[in-house]
Every structure is written in C-alpha cells, then in structure tokens.
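S.K.: Sharing a model prediction with you, sequence too.
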Amino acid sequence: MAFRDIIGQERAVRALKGVVNRENIPHAFLFSGLPGVGKKTIAIDFAKAINCMQRIENDCCEKCSACVRANSRNYPDLLIIEPSEQFIGIDVVRSLEEELSFPPLEGRRRVIIIDEADKMTNEASNALLKTLEEPPEGNVIILVAPEQAMLLPTIVSRTCHLRFQPLSDDVVEKILISRQFLDSNNAALVAKISTGSVERALKYVESRLLDRRQALRKRILEIISAAPGRMFEIATEWARESEMLLDDIDLLKMWWRDLIIYQLGSNNNLVVDAETIEAFKGILGKSSYTGLMKTYQLFDSIYTDISRRSNKKMAVERLVIGLRESVDEEDSWC
Ligand SMILES: [Zn+2]
C-alpha cells in the first residue's frame, strides 16, 4: 500500500509526505492512537517512501525492487519489531543497538518500526532511551503505541509525535467497501459497530458477524418468552459457541444502546440498527430506561468475566437471566 491508497488519517500522511524528501528526516517518531486506525500501515508506507528508488510525489512507487521487497517484508533496511510473549525485552533492544551501529545496507535510511512499543519492559525502554539520545546516522525509529502516556516521558520527548485520530464511520465504511466487497448497507452497519477501528471492523467481517446477527436476534427473542427450563438450555447452547461470545456481546451492547436512544425518544438518526429495533419493539414496551441501562451494564460485566476466562457457562446464564429480567422487571422488581 502507498500513501495515496490510505483512506483517512490525512493529517498524518500530509505531515510524513512533507519530510520524506528532506535530507534531515527526524530520527525518531511516535505514532499514537487507538488500535486499528492505520498507524503501522502508515509507518510501513513511510519507510517505503523514504527508500523508494522511483519516488512519485513524495510517495512510494510500489514497483521498484525496494518497494516490492518491503511489501514482502524482505527488505534489509526495514525492521519491524513486535512483542513476543506479550513484551519487548532488553535483549531485543540490545541487538537492535548493534545493528544500528552499521550504516543502512541499501536504502537512504534504515527504518525500524517498534510496534506495540508500550510493551517494552522498563529495562528495554531505558536502553532504547540511550539510542534515542545519540542515534547512529542513517536510522529512523518509529514507535507505535496506543497512547503516549504508556511510554516513558523521556522517550516521548525525543520523538516527533504524530497523533492518529479514530476514523470516522464514513472512512471505515469506505475502507470496507473498497477492500472487503461488503455492500454499502452492511459496510455502514459494521463501520458503526466498530467505533473507528478498521482492525475491529475486519475482525467482524471475518467472523461473519452480520450473518450471525439474524440468529442472535432470534435467540434474544426466544429468551424473553421462553419457559425457565428452556432458558437454561439456551444458555448452554450459547456458551458452547465460545469463539463468538464476545462479538455477540458487542452486538448486544449496540442494540441496547439503540433501545435506550429510542426509549428516550431522542434523535432516531442515532439508532444504528433500525431493523433490529423494529424486531425488538416488544422489549421496548416492557422495559424502563433504568432496566435497559441495568442490562447494558450487565453486558460490560459479563464481557469482562468472559475475557478473564471465568466459567463461560455461568457467565452466559447470568446474561440470559439478565436479559429475561430486563423485560420481566415489572413482575420481579416492583
Ligand atoms: Zn518504489
């Protein structure tokens, strides 16, 4: 991918295109922003634009041997460091220091991308600090992290800091249409659920979230009218599909947010999934604002439980009971 193919993040791309041609390219950058907003992709594009042999308007050509090899991660002057087993240790930074002491092999600059730089151990951060203080000639280091506060202030102060904004729904929608061939209705829905992260949107596309939407809707409607025995059977079936549970809870949160907006009678244009709200009209008739909020908070607590690998079946039983209570509130709470 080249800068010209990037949808969104115009400010960051413009800033990087502005320095790519310079003799004095800054030696260290920090790209901060939520996961899935394009930081690493743009870091790789920057590396390619710096070393491209036939640069076109401060962008890479995608055709020369440097671009082709960078795309297959086979270019000697592009190093991408990622955490192994959750962290980046001092050994990684030490071997990097050694490598940096040699000039770039082929390119104008050796570009080192440290992805998830917030996962550096304290020792690794302190070692890197020394490298950032006196960087050997010919190297550009790009740190990628969700927030600057996750790095030592002394590291941040030695970098040019570019903040990446969450992407707008429109941008995520365009990216989904251009790369994943979703039609515009489905792309709009997935974009809204993904709250500004392409990474999350692609995950939803891969897990066929939209296909499961119908089945999940049916399951919720069954829960709110089922006999108690059947409710626990549903919980057991649901818990078995452990892979998808967290995505299902994301969908439930979006639907309950929609129900709350609808219940409040506020701007219905803010409702994301109008088709589901139509199917859930029965829930709205039986739930108060407080009940809906209580169920929404329950989703958060169950999401955390499941992420922490607590007993899935019990967590789903709590979820099913909570969903049922949200419509039985007049009977059970008054
Ligand atoms: Zn090129």
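M.R.: Cool, the structure landed. Numbering: from 1, shown residues only.
S.K.: switch to C-alpha atoms for all contacts and neighbour counts from now on
M.R.: Fine.
S.K.: In terms of secondary structure, what does the helix or strand encompassing Arg14 contact?
M.R.: Assignment of secondary structure by DSSP states H and E places Arg14 within helix 10-20. The contact analysis (3 or more C-alpha pairs under 8 Å, 6 or more residues apart in numbering; DSSP states H and E) places helix 10-20 against helix 39-51.
S.K.: which parts of the helix it packs on are buried?
M.R.: Burial within helix 39-51, assessed by neighbour count using 16 or more other C-alpha atoms under 10 Å, is assigned to Lys39, Lys40, Ile42, Ala43, Ile44, Asp45, Phe46, Ala47, Lys48, Ala49, Ile50, Asn51.
S.K.: now stretch 93-113
M.R.: Per 16+ other C-alpha under 10 Å, stretch 93-113 contains these buried residues: 93, 96-97, 100, 103-104, 107-113.
S.K.: can you count the residues close to Arg309?
M.R.: Residues lying near Arg309 (other C-alpha atoms under 10 Å) number 10.
S.K.: Let's see the pLDDT reported for it.
M.R.: pLDDT, the model's per-residue confidence, is 76 for Arg309.
S.K.: Equivalent analysis for Leu270, please.
M.R.: Looking at Leu270, its pLDDT reads 79.
S.K.: re earlier: of the buried residues of stretch 93-113, closest to the ion?
M.R.: Gly107 (11.1 Å; C-alpha to the ion).
S.K.: Next, the angle helix 39-51 makes with the helix holding Arg14.
M.R.: Using axes from the mean of the first three to the mean of the last three C-alpha atoms, to 10 degrees, the interaxial angle of helix 10-20 with respect to helix 39-51 works out to 20 degrees.
S.K.: which residues sit against helix 10-20?
M.R.: Phe3, Ile25, Ile42, Phe46, Ala49, Ile50, Asn58, Asp59, Leu162, Arg163, Phe164 (C-alpha atoms under 8 Å, 6 or more residues apart in numbering).
S.K.: Try it again at 7 Å.
M.R.: When contacts are taken as C-alpha atoms under 7 Å, 6 or more residues apart in numbering, the neighbours of helix 10-20 outside the stretch itself are Phe3, Ile25, Phe46, Ala49, Ile50, Asn58, Asp59, Leu162, Phe164.
S.K.: Next, format those residues as TSV and append distance to the ion and pLDDT.
M.R.: TSV is the format used below for these (distance: C-alpha to the ion, whole Å; pLDDT from 0 to 100):
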residue	distance to the ion	pLDDT
Phe3	12	96
Ile25	18	94
Phe46	11	98
Ala49	7	98
Ile50	9	97
Asn58	11	96
Asp59	8	97
Leu162	24	96
Phe164	25	95
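S.K.: Just the ones in helices from the buried residues of stretch 93-113, please.
M.R.: Counting by DSSP state H, these place Val93, Leu96, Glu97, Leu100 in helices.
S.K.: the strands in this structure, which residues?
M.R.: Read by DSSP state E, the chain holds these strands, from start to end of the chain: 28-32, 78-81, 110-114, 139-145, 160-163.
S.K.: Compare the ones you listed and give me the one nearest Ser307.
M.R.: Of all these, the one in closest proximity to Ser307, counting by C-alpha to C-alpha, is strand 139-145 (22.0 Å).
S.K.: tell me what the closest one is packed against?
M.R.: strand 28-32, strand 110-114 (3 or more C-alpha pairs under 7 Å, 6 or more residues apart in numbering; DSSP states H and E).
S.K.: Write out the residues of this structure neighbouring the ion.
M.R.: Residues of the chain found near the ion, taking C-alpha under 5 Å from the ion as the criterion, are Cys52, Cys60, Cys61, Glu62, Cys64, Cys67.
S.K.: Redo these as a markdown table? Include pLDDT.
M.R.: What follows is those, written out as a markdown table (pLDDT from 0 to 100):
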| residue | pLDDT |
| --- | --- |
| Cys52 | 97 |
| Cys60 | 97 |
| Cys61 | 97 |
| Glu62 | 97 |
| Cys64 | 97 |
| Cys67 | 97 |
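S.K.: Can you flag the buried ones in the residues you listed?
M.R.: Neighbour-count burial (16+ other C-alpha under 10 Å) is assigned, among the residues of the chain next to the ion, to Cys52, Cys60, Cys61, Glu62, Cys67.
S.K.: quick one: contacts for the third one?
M.R.: Right, Cys61. Each residue near Cys61 by C-alpha under 7 Å, 6+ apart is listed here: Cys52, Gln54, Arg55.
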